[in-house]
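Participant: One predicted model, sequence on top.
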Amino acid sequence: SLWFDRFIAQHAAISYYWLVTGLFVAHPELAYNFSLLVEEHAYVTYQEFVEENQELLRRIPPPPVAREYYVSGDLYYFDKFQTSRRASTSASGERIRRRPPCEHLLDVFRNIRDDEFEHIQTMAACQRWWSGKGPSAVPEEDQPTAQQRQDWLEWSARVNSLSSS
């Protein structure tokens, strides 16, 4: 039944969350590796689906929610968290926001597949960073400055002092 399917899906997601959280507490590099394997499986699954259904998917228009997200919506850090390729910049130094194609359902599934590939790259970058073998996965321009960190520490000290009053 529909209720049972949702129940299983929601509880599987909660179980996955706590599994990865426990792995991260015990061994962060292993948690990143586990997540990388899950993302890799998703990528392969989408790739197989796209290859097997290209012609049909090319004839189906994208759903409105996909057009809104890929064409006109706020991609919420779409470029910021892409660790395998950086956003382009204009001559004035401003970031140029990428917009993936969204002409048909084939584009939508390719975009989802490509996003899974970016997740693989991000998990690999996090794994390298955690083990001390690579730079932070967060772009340097997005990392907080020493002053921002100090401001945060001062703010948190003020907030904590309120709770002891």
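Facilitator: Thanks, I have it.

Participant: Spit out the contact partners of residue 35.
Facilitator: Going by C-beta atoms under 8 Å, 6 or more residues apart in numbering, residue 35 touches 20, 119, 123. (C-beta placed from N, C-alpha, C; glycine too.)

Participant: For this structure, just list every one of the strands.
Facilitator: Taking DSSP state E to define them, one finds strands in the chain at 88-89, 95-96.

Participant: if I pick residue 136, what's in contact with it?
Facilitator: By C-beta under 8 Å, 6+ apart, residue 136 lies in contact with 129, 143.

Participant: Now do the residue nearest to residue 60 when sequence neighbours are not counted against residue 45, distance only.
Facilitator: Among residues not flanking residue 60 along the chain, residue 105 sits closest, at 4.1 Å (C-beta to C-beta, 6 or more residues apart in numbering). Shown here: residue 105 relative to residue 45, a distance of 16 Å by C-beta to C-beta, to the nearest Å.

Participant: before we move on, the earlier item: most neighbours out of the contacts of residue 35, which is it?
Facilitator: Compared across the contacts of residue 35, residue 123 has the highest neighbour count, 22 neighbours, by other C-beta atoms under 10 Å.

Participant: who are the neighbours in contact with it?
Facilitator: By C-beta under 8 Å, 6+ apart, the contact set of residue 123 is 32-33, 35-36, 39.

Participant: ok, back up a step: out of residue 105 and residue 45, which sits in the busier spot?
Facilitator: More crowded of residue 105 and residue 45, by other C-beta under 10 Å: residue 105, with 18 against 12.

Participant: so the more buried one makes contact with residue 62?
Facilitator: Yes - applying C-beta atoms under 8 Å, one finds residue 105 in contact with residue 62, separated by 5.7 Å.

Participant: thinking again about what came up before, could you measure from the residue nearest to residue 60 over to residue 115?
Facilitator: Computed as C-beta to C-beta, the residue 105 to residue 115 distance reads 15 Å.

Participant: What of residue 10?
Facilitator: Taking C-beta to C-beta, one finds residue 10 at 22 Å from residue 115.
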